[in-house]
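Colleague: Provided below are the primary sequence and the corresponding predicted coordinates.
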Amino acid sequence: MKGDAFRLRASLLVLCWIMALTESGASDGLAQTDLGATRRSMVLRNVGTKKTKEPQTEQSQQLLMDEPAVRAEASKEKPKAKKTPEEILAAQAKKAAEKEAKAKKQKAPKPTKKPKPPKPTKKPKPPRPTKKPKPPKPTKKPKALKPTSNSPKREEKPPVRKPTLEEEEEEKLLKELGWDNVKEPDHKAPAQPDPIERQTAEKILSEHDDDYWDATYEVPEPDRPPNAKEAVTTEDPSIYLPIPEETTTQIYTAPWYEDYDDSDLATKKLEMEMEKARREKEEKAQRQKEKWEEEEEEERRKLPPVYAEPKKCPPLGMESHRVEDDQILASSMSHHSFSAQRGRLNMQSSDNEEDVYGGAWCAETEEKDHWFQVDARREVQFTALITQGRESEKHEDFVSSYFVAFSNDSREWTVLHDGYAEWLFYGNVDKDTPVMTQFAWPIVARYIRILPQSWNGSLCMRLEVMACSLPNSYNSENEVNRPDDLDFKHHNYKEMRQLMKVVNEECPNITRIYNIGKSTKGLKMYAMEISDNPGEHETGEPEFRYSAGVHGNEVLGRELLLLLMQFLCKEYNGDNPRVRRLVDSVRIHLVPSLNPDAYELAYEMGSEMGNWALGHWTEEGYDIFQNFPDLSSILWGAEDRGWVPRVVPNHHIPLPENYLSSNGSTAVETRAIISWMERTPFVLGANFQGGEKIVAYPFDMQRPTKTGGLDRRGDQRLHQMNEETWARIQRQNEGAMRETADEAMFRWLAMTYAHSHLTMTENHRGSCHADDVSHGQGIINRASWKPVVGSMNDFSYLHTNCFEISIFLGCDKFPHESELPQEWENNREALLAFIEQVHRGIKGVVRDLEGKPIANATVSVEGIKHDIKAASTGDYWRLLNPGEYKVTARAGGYSPQTRLCMVGYEVSATPCSFTLTKSNWDRINEIITLSKRPIRLISKSPRVSVSNSGNVQSARTPTAPPNKRRSRLQLMRLKNRREKMMRIKKLKEQMTSTPVTTTTPLAPTTTVMATESTTSSWFDAWFEEDSISTTPSSTGAELKESEPTPDYSFEYKIDDF
């Protein structure tokens, strides 16, 4: 760019010089054409100090045009003349050159960004005298004119003139050409120096200046005229030497740019700098403000939320199976039995760990990236995680640390950050104890992913996700509206007692609070009685019971019973007809907690934090449900020996000896429950448990198979059977070994609750820990599912009249209190429907002829090998399905009575009462007891009758026998018969535990007296009659007591039912 400008300037100079040679007479024209001299004169005028203006003279007009100052002054003061075509052409060329230079200077750096000139102290020293500066090569020898000393000088200073735009452009061009350091000679001399000397001094100063630059010596110009720089001068070169006086003085002259009148430029520059500073200050303040806001936001993110404690949310539903299987995914699995669906909290494995039911989710160890993902199906607030290891007896596998990531589309994941790095959470230290990890603030997302980082053993884990639903203005389809004003929360021991007291105060006419005993730690086992006449057993009103809390950590049944208390009280006061009918016709007993010590332990840990076994046992380590005597084995052993029902009854089997002794392994709570069962004649009952969703009915213990008793022939027959026949026989035998005598009735009771429950029969999820064993029915025989020995259900069935079943309410043993409204809705109808089943079957009262109730009368149904006993008030209840049944009532000292009873589909039970008459021998014994005299036997009549108790009575005979020998033989036969009867009686006393008191005869006569046995059972008469009939005697038919004809009533009326 500099070379182009220089060439343009040089061509203009050559043109101007040629025109000057042709028109040497016209000074004004030369002034117009000599562009370079004019610029030099402007530079010298601006660089030098302030001069006084000299008057215009004719002599100044005749000066050589090489003098820049004289030409400039002459061009200024001369009047403008008419321009010639050459001048116009030169002016146009000049303007074009300036325009081109201006266009090329657009990208040049600004003057403010030019490097600063060197300081005066750092100016270079003058060159040594021995070195000659190169003389300039002028094209024409200038004429040396001696300035006149008497030339008038103007004393007034020239006015300060503001440089124009063209001058500024020229100054920029001079800087580029290196002419910006030209200095004028000293102005203190009275006489004007010679132009040649001035030119020499200017040349010396320019060459030795740091910023000096001569484009002539740098860029060769081949197209320049040959005489432009090669003109040869004959002058003495000494004239170009520096003047010693000027070089030695070295007076400092300010740079040329300091002489400019740049007040306006400085003002503008100052304004621009101030504006720039102001903008920079505003930008800096804005950046600082944004920085502060970002820091505050980061600090706000680092700090915990505004809550006093981390937000607590209910579980999403991993353990309770509200989260479906298709909502759970994992990166891999080590075996098909350890899929992602097995990663639910408290998931239990099967007995065979290699089966399809593993105890956790286990990942493939060869994979690089491991993750476990849960889809909430909607945006929720994730607040915490609960992790647990693998459920196994052999392995100790658990995850010890992990990251947590979130996403809304399952593609882009954001790992939870604590402000400095990815947040690493610490997991478990053992396989059983759950560990909760809470987030500092809720995370709103749809998907959550756990990224395990370290683990013990194999990578296996079970977990639960805690999340809250986002607030909505409308209710979701799964949200439960609470129509019942009930207390939906978990209650500890004190709160439970206070709630029961509140219900009692609200409904004092139908409620009563009592306790059935105390726990190991002395906590009372409270019960609530709800009846129209609480505290008293009414004849004809059945007793019903609900019990819960057998295992302390299974708390849903406890809360359901507390809710049922409130519901019955409120609805009874609200005149609900169904509730009033139940309360008026049934005596309901509700026991919320049978193991209060264990519940307090589980309650202290809280929901989801107690493991599967925490709070399961009593303080002494007993499982109450399995701590009852094993009466099933006693019954089955007696059946194998043929002792049922003669020796061992099929109902009310007595407790084994020393079972209730202080040395026995019986829990305190179990003793209290047994005593409570024996005091109250319960008809129907149920106990609530957890960990599964199913209804189980007895037998709970499976009958052992018979391994002995087969001869060789029978063994050969078994081997000759094909596989299908063998499998069919085994299924029949297994079913018979598990079933009770009331199998059909138990199935009906179980199905009543299961099918009244809203979700118990849903089998698309399977069971909680394995496949659905109920096949969609929701019921199962406990012996075929998970057999236990000495269960409460078996004891209740064989020792009392109560038919009791176990109801498993859900997979989650300790559900969150937010789930209680939904659980109440699921179970409310089932709770009421099951109570109503107490009226299914027959009921009645067993009386004598005088209308007095007969206590402990036995009521048996033909075809069902299980009897029941009447209560102390003579009333009884027998649960039966619809149909016709032959029912027999027996009592000691009374003749049995049989009736045909029909059970319909009505809501109430079918009345079927009995009136028993006393037997003949009991009447005779009563007469003997009243008269206190024995009956005299007549030897003439050898007819002898034997009572049920084994006493022999002689009928009236003639006063004198016709033959003495005959009379002696009769007496001997009677004596032998008597001895046999006595031996049989002693044998029976040894086989039975009921004492029988007999008296010896007063005289050696044929009359035998005996007191009535009040404790003999009804089947004692059967046993003696069979023994007598087997004795060979000709008078056996005469000794047998005649039975009264059964009273069959075949005339039915609709009113009787």
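Modeller: Great, that's in hand.

Colleague: what segments of the stretch 701-850 of the chain are strands?
Modeller: 779-781, 803-810, 842-848 (DSSP state E, counting those that start in this stretch).

Colleague: tell me which of those strands sits most buried.
Modeller: With neighbours taken as mean count of other CB atoms under 10 Å, the strands of the stretch 701-850 of the chain reach their highest mean count in strand 803-810, at a mean of 25. (Each C-beta comes from the backbone N, C-alpha and C, glycine too.)

Colleague: packing partners for that one?
Modeller: In terms of contacts (3 or more CB pairs under 8 Å, 6 or more residues apart in numbering; DSSP states H and E), strand 803-810 is packed against helix 556-573, strand 682-689, strand 692-697, helix 743-756, helix 792-799, helix 820-836.

Colleague: what residues sit buried inside the third one?
Modeller: Right, the one you point to is strand 692-697. Applying a neighbour-count criterion of 16 or more other CB atoms under 10 Å, the buried positions in strand 692-697 are Glu692, Lys693, Ile694, Val695, Ala696, Tyr697.

Colleague: any idea which of the strands of the stretch 701-850 of the chain gets closest to Glu669?
Modeller: Ranking these by distance to Glu669, with CB to CB as the measure, places strand 803-810 first at 16.5 Å.

Colleague: just checking: what are the partner strands of the closest one?
Modeller: In the sheet containing strand 803-810, its partner strands are strand 682-689 (parallel), strand 692-697 (antiparallel), by DSSP bridges.

Colleague: need those in TSV with mean pLDDT and distance to Cys313, can you?
Modeller: Formatted as TSV, the entries for the strands paired with strand 803-810 read as follows, by pLDDT from 0 to 100; distance: least, CB to CB, whole Å:
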stretch	mean pLDDT	distance to Cys313
strand 682-689	97	27
strand 692-697	94	24
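
Colleague: include distance to Lys268 when you put those into JSON lines, please.
Modeller: Formatted as JSON lines, the entries for the strands paired with strand 803-810 read as follows, by distance: least, CB to CB, whole Å:
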{"stretch": "strand 682-689", "distance to Lys268": "93"}
{"stretch": "strand 692-697", "distance to Lys268": "89"}
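
Colleague: for Asp867, which of those strands is the nearest?
Modeller: Distances from Asp867 to each of the strands paired with strand 803-810 were compared using CB to CB; the shortest belongs to strand 682-689, at 14.3 Å.

Colleague: could you give the angle of that closest one to helix 820-836?
Modeller: Here the directions of strand 682-689 and helix 820-836 differ by 160 degrees (axes from the mean of the first three to the mean of the last three CA atoms, to 10 degrees).

Colleague: can you list contacts of strand 682-689?
Modeller: Counting contacts by CB atoms under 8 Å, 6 or more residues apart in numbering, the residues outside strand 682-689 that touch it are 542-551, 554, 556-558, 560-561, 589, 625, 749, 753, 792-793, 796, 800-809, 834, 837-838, 877, 879.

Colleague: and Tyr659, what's its pLDDT?
Modeller: The per-residue pLDDT reported for Tyr659 equals 86.

Colleague: setting aside sequence neighbours, what's the nearest residue to it?
Modeller: Spatial nearest neighbour of Tyr659, excluding adjacent residues (CB to CB, 6 or more residues apart in numbering): Pro629 at 5.3 Å.

Colleague: pretty sure the one you found contacts Gly790?
Modeller: Yes. With the criterion set as CB atoms under 8 Å, Pro629 and Gly790 qualify as a contacting pair; they are 6.2 Å apart.

Colleague: the more surrounded of these two?
Modeller: Pro629 (22 against 19; other CB atoms under 10 Å).

Colleague: from Phe814, how far off is that one?
Modeller: 30 Å (CB to CB, to the nearest Å).

Colleague: same question for Phe688.
Modeller: Applying CB to CB, the value for Phe688 to Phe814 is 13 Å.

Colleague: can you list residues touching both of these two?
Modeller: Residues touching both Phe688 and Phe814 by CB under 8 Å, 6+ apart: Glu554, Leu556.

Colleague: go through the protein and flag its longest helix.
Modeller: helix 263-302 (DSSP state H).

Colleague: packing partners of that helix?
Modeller: Counting contacts by 3+ CB pairs under 8 Å, 6+ apart, there are no secondary-structure elements packed against helix 263-302.

Colleague: about what we covered before: quick one: which of the helices and strands packed on strand 803-810 is nearest Ser337?
Modeller: strand 692-697 (19.4 Å).

Colleague: let's see that closest one as PDB, backbone CA atoms only.
Modeller: Listed in PDB are the C-alpha atoms of strand 692-697, where the atom choice follows Å, rounded to 0.1, in the frame of the first residue of the first chain:
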ATOM      1  CA  GLU A 692     -48.600 -62.200  51.100                       C
ATOM      2  CA  LYS A 693     -52.100 -61.600  49.600                       C
ATOM      3  CA  ILE A 694     -54.100 -64.700  50.100                       C
ATOM      4  CA  VAL A 695     -56.500 -66.400  52.500                       C
ATOM      5  CA  ALA A 696     -55.300 -69.700  54.100                       C
ATOM      6  CA  TYR A 697     -57.500 -72.200  55.800                       C
END
